[in-house]
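**Student:** Below is the sequence, then the predicted model.
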Amino acid sequence: MVERTPFLNVFTHLILFIGFVFCIAPFVVVAIAASHNLRDVNDVPMSLLPGSDFWVNIKTAWTTADLGPKLLNSFIMAAGVAAGKVIISALTAFSIVYFRYPGRTFIFWLIFVTLMLPLEVRIVPTYAVVANVLSPYQAILDVTGLSWLIEKVSGVQVSLSLGLLNSYTGLIMPLIATATGTFLYRQFFLTVPDELTEAARMDGAGALRFFIDILLPLSRNNMAALGTIMFLWAWNQYLWPLLITTDQSHATAVTELKQLIPNVGGIPEWNIAMAGTLIVMLPPLIVVVLMQRWFVRGLIATEK
Amino acid sequence: MEKRVTFGKWTIGILFAVPQLLLIFTFFYWPAGQAVYWSLTLQQPWGGGNIWVGLDNFRSILSNADYWNSITASLVFAGLSTGLAMSIALVLAALTDRQLAGSRLYRVVLIWPYGIAAPALALAFRFILAPEAGFMAVVNRVWPGFWDPGLDGADAMASIIIAFSWKYVGYNFIFFLAAFQAIPRSLIEAAAMDGSGVIRRFWDIQFPLITPTIFFLLVINITESFQDSFGIVDIMTAGGPANATNLMVYKIYSDGFKGLDYSGAAAQSIILMLLIIVLTIFQFRFIERRVHYR
């Protein structure tokens, strides 16, 4: 620093240390509570020395909430959303940046608006769409009179129906339907020098070729950042999987936490609950730690 | 900024955008439109057509005391948690920016909470703040009945605010720190040469320069407090006690899916959508004016 401020330095260290403790304490408390037996975890005050039942509790939580398949479901959903976002946003941004066509600005705004309204506030009708994903198209056919026409001509009654409840597609698709990644790519594509495009075109590369061989390799960093952020975001989703996974086979680890809330009456099994919490919070934490650099850079780039 | 060199065939260009357009039509525009339509009709829960009722759904919601209670709770939650998460993050980032020994470790750890799912941290805090076990039990032993989120609405509200703020302090911290570090060192050093102290420099130089970040985070925190709160509320309080933490998103969920009142839930969705849009615009118009853009 530019001057000597011993008093302020002590103060800085003190506040930062308090902040550090507050940030780390919940993790520590969860881990310690997960290692106690039922009696010790309900002790007042709870001992801050680790107990001996850590693996027993982990095992109980694992089997009670059936976490093996649930973690797999979470992983499939998170990876699907991340991959979907990375691919679809790249395609759209390419279209918006590298082509001139009528309605391009309109499409840009159409996509931009999706950032304003999160899934949570349109949750009820989105659920209805996923219950029958073809219902919008059926409605269009009905309103335009095409259903009537088809029925008259061919005698076939049009009734489109495809339910996506309790399916990975149903879990993933609605979460991809926002524009988060498109703008990240757009910003990046705009910084790619025109000379590169020109050179590629002179060498006879078409749009698709240029996109796959030149643009995508250049945007590796963006893909890593976006992929990380989307993976975390999807892994941590709660309301959506809670709604559409009515049977247990497609439930995710995060929604299963609800099963671990101790019942009222009896001695609450907080040690099991905390063991489950630890298991569910660990994967995203590992991703954050491993990808911290990308993550921070991407977080700042996407939203600012 | 526009590209000089583009690819000619516009039909191919549109094809690249088609997957996203299909997705947002099916899962964004159609449901959003449907919400508007449902809010104006009386929708039968299990099909059977709907009856046009105009603004009746809105009238009955707005004359319902529970709904106003839910709006108040949401605003209290948004205001207090945003204030708490942002002010703590600002102080921590400003101090970390002084780059004393050890600030690197600090920077690494502070981002962790942001990676944790809201329901997971909610369950952790439900334990930490439980009245009968954990740490608040100690306080309760000294002062019986002091803390019980299960019975006392204010305690329940405090619980969800603490959990939400804990997560967003880390998020805000990253952006604040990035903003502080973008300020040229020479500027600070020049001011120090002129004899201005640390606090003076903070208010006269650093604070004005990071106002765009403050503004941006304010918008993000408030809108997130309306959405990301769902998992925290569902795990920690389930809207109780006596609706004290029945935030707007939670009420939409419970009315729509537990009460099967689709029309009422749709009308509430519309109001929440408008609220989020209005808040965003309001913040732009009234706060942006005081923001010093570089």
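**Tutor:** Cool, got the structure. Numbers count the residues shown, from 1 in each chain, chains lettered A, B, ... in the order given.

**Student:** and the gap between the residue in chain A that chain B sits nearest to and residue A:190?
**Tutor:** Sorted by distance to chain B under CB to the nearest CB, the residues of chain A start with residue A:99, at 2.7 Å. For every residue, glycine as well, the C-beta is placed using N, CA and C. Here residue A:99 is placed at a distance of 14 Å from residue A:190 (CB to CB, to the nearest Å).

**Student:** Among those two, which residue is more densely surrounded?
**Tutor:** Remark: of residue A:99 and residue A:190, residue A:99 carries more neighbours, 22 against 13, as counted by other CB atoms under 10 Å in any protein chain shown.

**Student:** in the sheet, who's paired with that one?
**Tutor:** Per DSSP bridges, the residues bridged to residue A:99 are residue B:7.

**Student:** Please state the mean pLDDT value computed over the strand or helix carrying residue B:253.
**Tutor:** Secondary-structure assignment from DSSP states H and E places residue B:253 in helix B:248-253. Helix B:248-253 carries an average pLDDT of 91.

**Student:** Any part of the helix or strand following that helix near chain A?
**Tutor:** Of the helices and strands lying after helix B:248-253 in sequence (DSSP H and E), the nearest is helix B:262-287. Yes: with CB under 8 Å from any CB of the partner chain as the criterion, chain A is reached by helix B:262-287 at B:262, B:265-266, B:269, B:272-273, B:276-277, B:280.

**Student:** Next: stretch B:10-30.
**Tutor:** Yes: against chain A, stretch B:10-30 shows contacts by CB under 8 Å from any CB at B:10-17, B:19-21, B:23-30.

**Student:** buried residues in that stretch?
**Tutor:** B:10, B:12-14, B:16-17, B:19-21, B:23-24, B:26-30 (16 or more other CB atoms under 10 Å in any protein chain shown).

**Student:** List the residues that contact the spatially closest residue to residue B:82 that is not a sequence neighbour.
**Tutor:** Spatial nearest neighbour of residue B:82, chain neighbours left out: residue B:221 (4.2 Å); criterion: CB to CB, 6 or more residues apart in numbering or on different chains. When contacts are counted by CB atoms under 8 Å, 6 or more residues apart in numbering or on different chains, residue B:221 touches B:81-82, B:85-86, B:168, B:172.

**Student:** cool, and residue B:180?
**Tutor:** Per CB under 8 Å, 6+ apart, neighbours of residue B:180: B:93-94, B:97, B:206, B:210.

**Student:** Got the confidence number for it?
**Tutor:** Predicted confidence (pLDDT) for residue B:180: 88.

**Student:** cool, and residue B:276?
**Tutor:** 80.

**Student:** OK, now which residue of chain B is nearest to chain A?
**Tutor:** Closest point on chain B to chain A, by CB to the nearest CB, is residue B:13, at 2.7 Å.

**Student:** That residue belongs to a helix, doesn't it?
**Tutor:** Yes: the assignment for residue B:13 is a helix, going by DSSP: H, G, I helix; E, B strand; the rest coil.

**Student:** In terms of helix, strand or coil, where does the spatially closest residue to residue B:202 that is not a sequence neighbour fall?
**Tutor:** Once flanking residues are discounted, residue B:202 sits nearest to residue B:94: 6.4 Å by CB to CB, 6+ apart. Put simply, residue B:94 is helix when judged by three-state DSSP.

**Student:** again, but for the one 5 residues further on
**Tutor:** The three-state assignment at residue B:99 reads coil, by three-state DSSP.

**Student:** Low-confidence regions, the chain specifically.
**Tutor:** By default, I'm working from chain A. When residues are selected by pLDDT under 70, those of chain A lie in A:1-3, A:295-304.

**Student:** right idea, wrong chain: chain B
**Tutor:** If you take pLDDT under 70 as the line, chain B has these spans: B:1-2, B:4, B:8-9, B:43-49, B:280, B:282-294.

**Student:** ranges for the strands of it?
**Tutor:** Remark: strands assigned in chain B by DSSP state E are B:41-43, B:50-52.

**Student:** a markdown table for the ones you listed, including distance to chain A and mean neighbour count?
**Tutor:** A markdown table is the format used below for the strands of chain B (distance: least, CB to the nearest CB, whole Å; neighbours: other CB atoms under 10 Å in any protein chain shown):
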| stretch | distance to chain A | mean neighbour count |
| --- | --- | --- |
| strand B:41-43 | 9 | 20 |
| strand B:50-52 | 12 | 11 |
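
**Student:** For the residue nearest to residue B:202, give its distance to residue B:198.
**Tutor:** 9 Å.

**Student:** so which strand or helix has the residue lying closest to residue A:89 once chain neighbours are set aside?
**Tutor:** What sits nearest to residue A:89 in space, not counting adjacent residues and going by CB to CB, 6+ apart, is residue A:181, at 3.1 Å. Remark: residue A:181 resides in helix A:180-191, with elements defined by DSSP H and E.

**Student:** residues making contact with that helix?
**Tutor:** Contacts of helix A:180-191 (CB under 8 Å, 6+ apart): A:85-86, A:88-90, A:92-94, A:96-98, A:111-112, A:115, A:215, A:219, A:222, A:225-226, A:229-230, A:298, A:301-302, B:1, B:3, B:20.

**Student:** going on from that helix, what's the next piece of helix or strand?
**Tutor:** helix A:194-202.

**Student:** Can you list the buried residues in the very next helix or strand once past that next one?
**Tutor:** Note on helix A:194-202: by DSSP H and E, the next helix or strand toward the C-terminus is helix A:207-210. Neighbour counts over helix A:207-210 (16+ other CB under 10 Å) mark A:207, A:210 as buried.

**Student:** Helix A:207-210 and chain B, any residue contact?
**Tutor:** Yes: Helix A:207-210 lies within reach of chain B by CB under 8 Å from any CB, at A:207-208, A:210.

**Student:** ok, these vs residue A:279, which is closest?
**Tutor:** Taking CB to CB as the measure, residue A:279 lies nearest residue A:208 of the residues of helix A:207-210 next to chain B, at 43.4 Å.

**Student:** just to revisit the earlier point, what's the helix holding residue B:253 packed up against?
**Tutor:** Under the contact criterion of 3 or more CB pairs under 8 Å, 6 or more residues apart in numbering or on different chains; DSSP states H and E, helix B:248-253 touches helix A:123-131, helix B:65-96, helix B:207-227, helix B:229-236, helix B:262-287.

**Student:** Out of those, which is the most enclosed?
**Tutor:** The highest average neighbour count among the helices and strands packed on helix B:248-253, using mean count of other CB atoms under 10 Å in any protein chain shown, belongs to helix B:229-236 at a mean of 27.

**Student:** got the angle between that one and helix B:65-96?
**Tutor:** With axes from the mean of the first three to the mean of the last three CA atoms, to 10 degrees applied, the angle from helix B:229-236 to helix B:65-96 works out at 100 degrees.

**Student:** got the angle for helix B:229-236 vs helix A:123-131?
**Tutor:** 90 degrees.

**Student:** Flag every residue of the stretch 201-304 of chain A that's near chain B.
**Tutor:** A:201, A:206-208, A:210-211, A:232, A:235-239, A:242-243, A:254-255, A:257-258, A:260-261, A:268, A:270, A:273-274, A:276-277, A:280-281, A:284-285, A:287-289, A:292, A:295-296, A:299-300, A:303-304.

**Student:** among those, which ones are buried?
**Tutor:** Neighbour-count burial within these applies to A:201, A:207, A:210-211, A:232, A:235-239, A:242-243, A:254-255, A:257-258, A:260-261, A:268, A:270, A:273-274, A:276-277, A:280-281, A:284-285, A:287-288, A:292, A:295-296, A:299-300; the criterion is 16+ other CB under 10 Å.
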